[in-house]
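>>> Predicted model and sequence follow; I will ask about them next.
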Amino acid sequence: MKENVKKCALVTGGSRGIGRAISIQLAKDLEYHIIVNYKGNKKAAEETLSQIISLGSTGELLQFDVVDENDVKGKLDAWQENNKNAFVEVIVNNAGITKDMLFMWMTNKDWTSVINTSLQGFFNVTNHLIQKLLVNRYGRIINLVSVSGLKGTPGQTNYSAAKGAVIAATKALAQEVAKRKITVNAVAPGFIKTDMTSELDEKELKKLIPANRFGEAEEVAHVVSFLASKKSSYITGEVININGGIYS
């Protein structure tokens with residue numbers, strides 16, 4: 001690939017929480033143009049972008065819903081058309097939602113929306129972009145999963161199923177593309193301080209965690225940044241746990 005090509009890292013759900021921390025860490029550590037994807041919260045996405053720019057890095061916002069295949073294709077194709085010298089070399093599939101409920105009371109909508117955001121979102125974004133990674137013979141795909149996808153969490157049958165499926169997909173895809181110098185890894189956070197965990201009883205839950213605390217979003221972001229770098233070239237098909245020892 002020509003040196004004048006603008007190499008980019010795309011972070012889905014990059015406007016808040018772990019996604020924001022990842023977007024900022026990639027801007028700090030690596031020389032990528034950061035594409036911050038968001039679904040609806042433009043204000044939060046703009047705040048993330050302003051932090052990226054304040055670091056002296058470059059970035060932009062790209063709005064699409066990872067669940068909507070046509071939206072993903074349309075927005076990514078339009079972006080590529082407007083940025084003919086740009087190339088998405090790093091894909092961070094971070095978008096995810098929770099709809100916690102005991103399975104016996106779970107609605108079809110709560111099941112489907114959670115599965116689709118994590119699993120179908122992974123497919124829609126990665127499948128659309130992977131051809132260029134294969135042609136270029138280099139790339140990094142990093143999927144944000146969860147301790148729930150490894151051990152299962154009561155009240156999260158939908159979320160556990162979604163993340164467990166992405167873990168299996170990570171391992172399979174890694175084997176398909178390794179010869180092209182494309183790595184595919186998953187990062188599995190435990191309890192991390194974000195909007196998503198703000199309603200949990202941190203004081204009680206931290207008693208279950210050997211490290212006796214919730215993690216910080218930046219601690220997840222450091223691992224993602226390493227996996228997005230050339231330093232991680234012999235690591236693929238792995239799930240890296242960041243959970244303070246709760247599942248060790």
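Sure thing, it's come through.
>>> Mind pulling up the pLDDT for the residue sitting furthest away from the middle of the chain?
Of all residues in the chain, Met104 has its C-alpha farthest from the mean position, at 29.3 Å, by CA atoms, centre = their mean. Here the pLDDT value assigned to Met104 is 97.
>>> ditto for Ser198
68.
>>> counting contacts, what elements does the helix ranked longest in the chain pack onto?
Longest helix of the chain, by residue count under DSSP state H: helix 157-177. Under the contact definition 3 or more CB pairs under 8 Å, 6 or more residues apart in numbering; DSSP states H and E, helix 157-177 sits against helix 108-115, helix 121-136, strand 139-144, helix 148-151, strand 182-189. Quick note: C-beta positions are derived from backbone N, CA and C, even for glycine.
>>> As JSON lines, those with mean neighbour count would be great.
Below are the helices and strands packed on helix 157-177 laid out as JSON lines (neighbours: other CB atoms under 10 Å):
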{"stretch": "helix 108-115", "mean neighbour count": "16"}
{"stretch": "helix 121-136", "mean neighbour count": "18"}
{"stretch": "strand 139-144", "mean neighbour count": "25"}
{"stretch": "helix 148-151", "mean neighbour count": "20"}
{"stretch": "strand 182-189", "mean neighbour count": "24"}
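>>> Mind pulling up the pLDDT for the spatially most central residue of the chain?
In the chain, the residue lying closest to the centroid (CA atoms, centre = their mean) is Asn94, at 2.1 Å. Asn94 carries a pLDDT value of 97.
>>> quick one, what contacts it?
Listed by CB atoms under 8 Å, 6 or more residues apart in numbering, the contact set of Asn94 reads 11-14, 18-19, 22, 144.
>>> run the last query once more with 10 Å
Applying CB atoms under 10 Å, 6 or more residues apart in numbering, we find Asn94 in contact with 10-14, 17-23, 37, 66, 118, 121, 142-144, 187, 220, 224.
>>> For Gly245, grab the count of nearby residues.
12 (other CB atoms under 10 Å).
>>> three-state assignment of Glu199?
The three-state label given to Glu199 by DSSP: H, G, I helix; E, B strand; the rest coil is coil.
>>> going on from the helix or strand of the chain with the lowest mean pLDDT, what's the next piece of helix or strand?
Lowest mean confidence among the helices and strands of the chain (mean pLDDT, DSSP states H and E): helix 202-205, at a mean of 84. Downstream of helix 202-205, the next assigned helix or strand under DSSP states H and E is helix 217-227.
>>> quick one: that next one to chain centroid distance?
11 Å (CA atoms, centre = their mean, to the nearest Å).
>>> Could you pull up the mean pLDDT of that helix?
For helix 217-227, the mean per-residue pLDDT is 98.
>>> mean confidence score for the helix or strand following that helix?
Later in the chain than helix 217-227, the nearest helix or strand by DSSP H and E is strand 239-242. For strand 239-242, the mean pLDDT works out to 98.
>>> how far is strand 239-242 from where the chain is centred?
Distance, stretch centre to chain centre, for strand 239-242: 13 Å (CA atoms, centre = their mean).
>>> Given that strand, what are its sheet partners and their directions?
According to DSSP bridges, strand 239-242 forms sheet pairs with strand 182-189 (parallel).
>>> And the strand it pairs with, how far out from the chain middle?
9 Å.
>>> CA atoms of that strand as PDB?
The C-alpha trace of strand 182-189 is given here as PDB (Å, rounded to 0.1, in the frame of the first residue of the first chain):
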ATOM      1  CA  ILE A 182      -4.600 -10.100  10.000                       C
ATOM      2  CA  THR A 183      -5.100 -10.800  13.700                       C
ATOM      3  CA  VAL A 184      -8.500 -11.300  15.300                       C
ATOM      4  CA  ASN A 185      -8.700 -11.100  19.100                       C
ATOM      5  CA  ALA A 186     -11.300 -10.500  21.700                       C
ATOM      6  CA  VAL A 187     -11.100  -8.500  24.900                       C
ATOM      7  CA  ALA A 188     -13.400  -9.500  27.800                       C
ATOM      8  CA  PRO A 189     -13.900  -6.900  30.500                       C
END
